[in-house]
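I would like the atomic coordinates for the input below:
(2 chains)
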Amino acid sequence: MEEIILNKLSYPILSLIVFLPVLGALLIMFLKKARHIRWATLFVTIAAFIAALPLWSHFDKTTYKMQFVELYHWIPSMGINYFIGIDGISVLFIFLTLLLGVLSVLVSFRSIETKVKEFHMSILVMETAILGVFVSLDFLLFYIFWETMLIPMFLLIGVWGGSNRVYAAIKFFLYTLVGSLLMLVGIVVAYFYGGQTLNILALSSVQYPLHIQVWLFMAFFAAFAVKVPMFPVHTWLPDAHTEAPTAGSVILAGVLIKMGAYGFLRFSMPMFPDATVLFAWPILILSIIAIIYGAVICLAQKDFKRLIAYSSVSHMGFVTLGLFALNSQGLEGGILQMVNHGIITGALFLMVGIIYERTHTRVIADYGGIAHAVPWYAGIFMIFTLASIGLPGTNGFIGEFLIILGAFKAHMIIGVLSALGIIIGAAYMLRLYQQVFFEKLNSSYENHPLPDLNLREVITLLPLIVLVFWIGFYPETFLSYMHLSVENLIQQVNAGSGGRHLLAEYIKIFRGAF
Amino acid sequence: MVNLYNIRLLSPEIILVMVALMLLLLDLMVRRKEIIAYAGLAGVFISAYVNFRLVALGWSDTSLVGMFMFDGYANFFKLIFYINLALTILISLRYTVIERGALGAYYSLLFFATAGMMLMAGATDLITLYMGLELMALSTYVLAGIIRKELRSSEAAIKYFFLGAFSSAILLYGISLSYGLTGSTNLKEIAAALYKLNLIDNPITVLGLIFFIVAFGFKIALVPFHMWAPDVYEGAPTPVTAFMSIGPKAAGFAVMGRVLFEAFGSLQAEWSYILMVLAVLTMATGSIIALAQTNIKRMLAYSSIAHAGYALLGIIAGTDGGLSSMMNYMFIYIFMNIGAFAIVIMLRSEGVKGENLEDYAGLAKSHPVTSALMLVFMFSLAGIPPTAGFIAKFYVFVEAVRADNVTLVVIAVLFSMVSAFFYLRVVVYMYMKEPKEEAVVTTSVPMSIALAITTVMILFIGVYPFYLLSFVKQSILG
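Numbers count the residues shown, from 1 in each chain, chains lettered A, B, ... in the order given. Coordinates of the predicted model:
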């Protein structure tokens, strides 16, 4: 196999990062005091982050090949291996996951009072599962991580969530499960078409017949579209995000829903290039619907958290739009926007969590004029608001700009409609900001002074602020990792026999319809 | 010629029966009743040791004039029965103290039933098969009703007995039909006669086949022959339910596999079609009706019906791989089911039944470890990785797709989505509801051992299924 570069470091770095959190979870099982558990968890997440730093410095940007690869036999009788590695796309998500892992522990220091041990174990197991998804190069391994993640998330939402948590948790679990199970059937079918291997790289180079591609694409689509989530299977997201505890929302919005888009990138596109081209247009249209529909719904939200949840639907619409524009701008923009969305929405959920701890209300109308009471909070919230809108100089701008560029290249109308989403985005975010921070100070805060951010909270938010501006001013640091991987991906999609031809046919049919 | 030398291949079964008789006597002699259980455990290990010593010596032959086969297939199922028996004894210890039944009879019946199952697994002749089946069935009828004071238990026993007698009659009818046609009760000879006498297209052959499927379908609780299962599972003492939900089911699968593959291999198109319909019905009924249950034993009964449907996919595939995926499923099924029932037993204490979902409300608050274990069992039964339940389903699905049954697999995954809901509900009750009253959990050392074994096996097989899968592959029908 010439597609991989084996791990050259003297220790299995990827395995270490992936399994460090779960080992930490085993460790804290034996701790008794809540204080110790909190600090131990924080320590484990930070240790995992530090352990991952060599990935950043030793990463070879001059190749699209899989790096830091580890390959061991796992179930040889079925041709299944323990096969992990990263490329320029996954490395970004590794760091995003590790960072948000630390932050979600930090933000929960005060807010989690019951079942502290179970909470932190869930967070750590979840971190392992998510990291595992991003490094897996074997389908069974991937699937195991992908599904394992459901268990801790189910508990996070259901045990520590808001008032309607049980409903939200079950809805989340079943929605995701039905998609994943259909993907499992797809994986098994691909296993036989690809010569009884579950090696993702090998399966990507197999030429599947078109009708098989279409079926498999749909099976995988079921899993990934639910996870992203794309319209019309997005309805679990507002409930899950709203009811989850802050840490859960941050992980959900920050990395978990990225797994769906990552699935499209890693599996659907290289494995089924013809079907990708065939389905690109329907997906673009669904993305446009998600962008505009999600944004319009935000305008009507009365719940702080729910508004941000719906804005995720809109923003993830941008991501899928960029990906399925199938050109380098769109793809890079889409990937960058995945990272951006993780940072911005993660930060917004953190902010909501921080203020909720003080006020115990999520209703927007209960706030008002609090900028006087909490100036620091208001200032930082403004940064993330503007980043979410996509103001130049923030990371949101770079991502959305690239995506719209890609969208225009795919088709002008798509480009125009997606830009419309940004305008509505500005409307709801600014409206939210105005209602919460400006206007007359809500009478309920006159007697109970609202404390401003404390040091722990500032430390939690600081890395995200830095990233907002770093990506905003110099995105090349991050884009440079993915250039070659994206190029390789586009080549793989185009190499699909007759892909372009099909597209032309398809566009003809499509244009005829207008 | 009659080769009595090979009778030694039956020594594991003979030992089990001897232990069973000894336990009956022991009941009269000892005062501390736990000793019976420990003596029984020792008996299990001796029999298992003899059995696998014979395997290690390379024995693989027929015994009883070709009516009994000592091969990898039988030995794999025997391992299942040994584990099932040992775990059942471990989880019974506490329960039998609470219920105060006829202890010697209880344990010795477990042994008789297991001996019957082992006879079934090795049966290569319809006569031995029937003997094994009756030995197993009669013992389990009594076991189901062993608590005479309780009406539920007696009702379960009567119900089980009547429906079981029906199914035995149907099996005998099937045996007589195939004997009438082929002139033999030996599975291999039946297969040969079907070819030689050109009986493959004969409607009577198909009728006989259907009788066999109905009779075995009764033992493994396939829909529509499942009616007994929920009532019997609910009424029987919980350790017996755990025992019954695995042993007779695995034994039923064992004989079904052997009879269908060895005797009726030429009619594979017919039986796999019939089983396909039954599998879909079974998965659907099991998963959907379980949604409505509030009694956890009843819910597990329906869940075990649904699981039979998934395991059936392996037989339907009609290949060696398919058969081994079914065996793999049965093996993994022991641990998750015994584990779940063990927790149900732990919640059973004086005065509290511990069988309603309500009894599980808020359990995680007062008993975090018990709840965490139940969580593992529930997610394993639902087939969520990294538990063994996922590996079981995955392997069955792989083999079913290999045999081109993709539609069936899609149906199976959709129903396993449905079934995820009721397993989740147990977790919801434990972790996300407030307790009404403080739950009382009684535990004991043997119970903890059983729980430790089941949990470790579930997680180990879930993460590293290599050993099990290669063991299963070696154990296919010769």
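
contacting residues for residue 283?
Since you didn't name a chain, this refers to chain A. A:230, A:320, A:324 (Cβ atoms under 8 Å, 6 or more residues apart in numbering or on different chains). From N, CA and C alone the C-beta is placed, and that goes for glycine too.

hmm, I had chain B in mind actually
Taking Cβ under 8 Å, 6+ apart, one finds B:306, B:309-310, B:411-412, B:415-416 in contact with residue B:283.

any idea which helix or strand carries residue A:347?
Using DSSP states H and E, residue A:347 falls within helix A:328-359.

what are the ranges of the strands in the stretch 101-250 of chain A?
Taking DSSP state E, counting those that start in this stretch as the criterion, the stretch 101-250 of chain A contains no strands.

wait, I meant the stretch 301-450 of chain B
For the stretch 301-450 of chain B, no strands turn up when DSSP E, counting those that start in this stretch is the criterion.

The helix holding residue A:347 - contacts with which helices or strands?
With contacts taken as 3 or more Cβ pairs under 8 Å, 6 or more residues apart in numbering or on different chains; DSSP states H and E, helix A:328-359 sits against helix A:90-111, helix A:246-251, helix A:258-263, helix A:304-324, helix A:375-389, helix A:395-410, helix A:455-473, helix A:476-495.

Relative to chain B, which of the ones you listed is closest?
helix A:246-251 (13.7 Å; Cβ to the nearest Cβ).

from the chain's centre, how far out does the closest one sit?
12 Å (Cα atoms, centre = their mean, to the nearest Å).

likewise stretch A:261-270?
Distance of stretch A:261-270 from the chain centroid (Cα atoms, centre = their mean) equals 13 Å.

Pull the residues that contact that stretch.
With Cβ under 8 Å, 6+ apart as the contact definition, stretch A:261-270 has outside contacts at A:89-90, A:93, A:133-134, A:200, A:204, A:217, A:220-221, A:223-224, A:227-228, A:275-276, A:316, A:319-320, A:323-324, A:331, A:334-335, A:338, A:489, A:492-493.

in that stretch, what counts as buried?
A:261-270 (16 or more other Cβ atoms under 10 Å in any protein chain shown).

May I see those organised as JSON lines, with distance to residue B:200 added?
What follows is the buried residues of stretch A:261-270, written out as JSON lines (distance: Cβ to Cβ, whole Å):
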{"residue": "A:261", "distance to residue B:200": "55"}
{"residue": "A:262", "distance to residue B:200": "53"}
{"residue": "A:263", "distance to residue B:200": "48"}
{"residue": "A:264", "distance to residue B:200": "50"}
{"residue": "A:265", "distance to residue B:200": "53"}
{"residue": "A:266", "distance to residue B:200": "50"}
{"residue": "A:267", "distance to residue B:200": "45"}
{"residue": "A:268", "distance to residue B:200": "46"}
{"residue": "A:269", "distance to residue B:200": "50"}
{"residue": "A:270", "distance to residue B:200": "48"}
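
if I pick residue A:363, what's in contact with it?
Taking Cβ under 8 Å, 6+ apart as the test, what residue A:363 contacts is A:302-304.

Can you mark which positions in the helix holding residue A:347 are buried?
Residues of helix A:328-359 classed as buried: A:328-356, A:358-359 (neighbour count, 16+ other Cβ under 10 Å).

again with stretch B:273-286
Neighbour-count burial for stretch B:273-286 flags B:274-276, B:278-286 (criterion: 16+ other Cβ under 10 Å).
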